[in-house]
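Chemist: I would like the atomic coordinates for the input below:
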Amino acid sequence: MKEETMIHQKARRIRLAAVLTALALSGAGAMAQAPPREARDDVMATMKRATTFMTEKLAYKGGYVWNYLPDLSRRWGEMEARETMIWIQPPGTATVGHLYLDAYHATGDNFYYQAADQVAGALIWAQHPAGGWNYVADFAGERSLKEWYETVGKNGWRLEEFQHYWGNATFDDAGTAESAKFLLRLYLEKRDPKYRPSLDKAIQFVLDSQYPIGAWPQRYPRVAEHSTRGLPDYTAYPTFNDDVAGENIDFLVMCYQTLGDARLLDPILRGMNAFIVTQQGPPQPGWSLQYTLDLKPVQARTYEPRSLATHTTARNLELMVQFYRLTGDTKFLARVAEAIDWLESIALPPGVAPAGRTHATFIEVGTNKPLYIHREGSNVLNGRYYWDSNPKDTLGHYSSFRPINIVALRKLYADARAMTPEQATKGSPLVAGHGVLPLPKYFALMPAPGVTAASSIASLNKEGYWLAPLGYNSHPYKGDGSTNVAPGSYGTTHVGDESDTSPYPDKTLTGISIEAFIRNMSVLIRAIDPSMSK
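Modeler: The predicted model follows:
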């Protein structure tokens, strides 16, 4: 569960096929011109040199983390990693694999397909026997991974999902979905049968883990429960946090539209219906981050109270409109306006939220009162989180405030309402008669404001990477923290005392960044593909 201000936030791009296939096939927009041959050669050479560094110097058995120091003496995913570890959470190993496939589509050069194949090998090795993926994998074996959890992971004060080794797989942060989608894309590229067993396991994992009502847990298969600060284990709760349900539906739709697997239609529809049955009744028609098995809002991590979540509600409303676009069923629109009205009614008065934020993250069930999250102490052993009605001195690593664009939500809803079901479902793979539909050509391309192909070419260093700010640093693990509170105030910081292994902002640290690699490669791909819109 990456926090809002956490390292390398990945923009959520739910590629629900009805909308995106239509966009992919429309060809609308001003088209870029193909560059001159000489410029194209420079772009192609730069792409290959950067990718060669990645595959030959940086990858560990085909996998990646997020950030590296230039001498590779330290490396990080969401937390500091060891040399033998790879990170599954985006923008990790599977995201790089998607980028390699994007480069293959742009260039036709089999070099990038082979690079993607290396990534697939790492992911197949890291796949849980049940079919999903954990946040992280360690090629040194499970004993090494457990030891990492018992040292680095356990001392990440705010990273409670890493403080215990469950030994199963997770849907959190789209790690499983990102990996599964990548294997699907790679299999579809040449129909190489060596990828099919792992892809089939991933599909079955999504089906096996789905609750009868259509929702999914955070982790699966269910294992012995683990209590955090005396709270029940939240990992089996049906969850909407970090787009768990939306990502799983997206993956199943992609499989349905490309593989023609008819058995996936019912799980897709049940997944969509779960959004309907978990929306709360009036006067609070929103959604919680997660629910008990009898579908009541429930607390998860110690800084996620039993509440309704405004950002999750806004995201789910967007998905409800997309479900209408997929199915043409107006039941998905039936309570959208009601929820938008509710969100508008609980907007914070001027001066309460930071600039650019409009709503409290958490709303108390039954009262509509905002809940603001605080902490005290200095590390995982002596610290604690709590909430109250005071909007001052809230957490730095998990914002108590969110930007909710009511105007945009109303327009999205109005546009959908103006469509007949037939218009809404044009191009939807779930509507009979549309047959097998292709996936979008590109999946991992990132925006890069102010970056040009020329600047990307010029800034690639002689070693073959783009030196970039890493944004975050962390205290190396030197032993467990003390039960005594260290001097200082840690209520609003990203990290506690020196025993806290959680990453914290560092504007001075530079190195090799997966995000910078993807961003620069995105610029270069756009430069050589004349079909890309400006």
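
Chemist: name the residues of stretch 369-389 that are buried.
Modeler: The neighbour-count check on stretch 369-389 (16 or more other C-beta atoms under 10 Å) flags 370-375, 377-383, 385, 387 as buried. To be clear about C-beta, it is placed using only N, CA and C from the backbone, and glycine gets the same treatment.

Chemist: quick check: the two most widely separated of the residues you listed?
Modeler: Spanning the widest gap among those are Pro370 and Leu381, at 29.8 Å by C-beta to C-beta.

Chemist: that older thread, which of the buried residues of stretch 369-389 fall in helices?
Modeler: Using DSSP state H, no member of those falls within helices.

Chemist: kindly check the end-to-end length of stretch 394-405 for me.
Modeler: End-to-end distance for stretch 394-405: 22 Å, by C-alpha to C-alpha, to the nearest Å.

Chemist: same deal with stretch 274-289?
Modeler: Stretch 274-289 has its terminal residues 13 Å apart, counting by C-alpha to C-alpha.

Chemist: what does that stretch contact?
Modeler: Stretch 274-289 is contacted from outside by 211, 213-215, 238-241, 245, 291, 295, 297-298, 300, 304, 306-310, 312-313, 316, 319-320, 323, 331-332, 335, 338-339, 342-343, 363, 365-366, 368, using C-beta atoms under 8 Å, 6 or more residues apart in numbering.

Chemist: need the buried ones from those selected in ChimeraX.
Modeler: Only the buried entries of these go into this ChimeraX selection, using 16+ other C-beta under 10 Å:
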select :211,213,214,215,238,239,240,241,245,291,295,297,298,300,304,306,307,308,309,310,312,313,316,319,320,323,332,335,339,342,343,363,365
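
Chemist: just the ones of the contacts of stretch 274-289 in strands?
Modeler: Leu308, Ala309, Ile363 (DSSP state E).

Chemist: quick check, nearest of these to Val485?
Modeler: Set against Val485, the nearest of the ones in strands among the contacts of stretch 274-289 by C-beta to C-beta is Ala309 (30.3 Å).

Chemist: isn't the closest one up against Phe362?
Modeler: Yes - if you go by C-beta atoms under 8 Å, Ala309 and Phe362 touch, sitting 6.1 Å apart.

Chemist: what's the neighbour count on Leu269?
Modeler: For Leu269, the count of nearby residues is 18 (other C-beta atoms under 10 Å).

Chemist: ok, now which ones touch it?
Modeler: Counting by C-beta under 8 Å, 6+ apart, Leu269 touches Gly214, Thr327.

Chemist: change the start of the numbering to 630 and stick with it
Modeler: Renumbered: residue one is now 630, and that last one reads Leu898.

Chemist: list the buried residues in stretch 896-905.
Modeler: Pro896, Ile897, Leu898, Arg899, Gly900, Met901, Asn902, Ala903, Phe904.

Chemist: got it, and stretch 1070-1087?
Modeler: Of the residues in stretch 1070-1087, Tyr1071, Phe1072, Ala1073, Leu1074, Met1075, Ala1077, Val1080, Ala1082, Ser1085, Ile1086 count as buried by neighbour count, 16+ other C-beta under 10 Å.

Chemist: same deal with stretch 723-742?
Modeler: 723-736, 741-742.

Chemist: what's the most distant pair in the residues you listed?
Modeler: Using C-beta to C-beta, the pair of these lying farthest apart is Ala723 and Thr736, separated by 20.5 Å.

Chemist: quick one on the thing from earlier: which of the buried residues of stretch 998-1018 fall in strands?
Modeler: Assigned to strands by DSSP E, the following of the buried residues of stretch 998-1018 qualify: Pro999, Leu1000, Tyr1001, Ile1002, His1003, Arg1004, Tyr1014, Trp1016.
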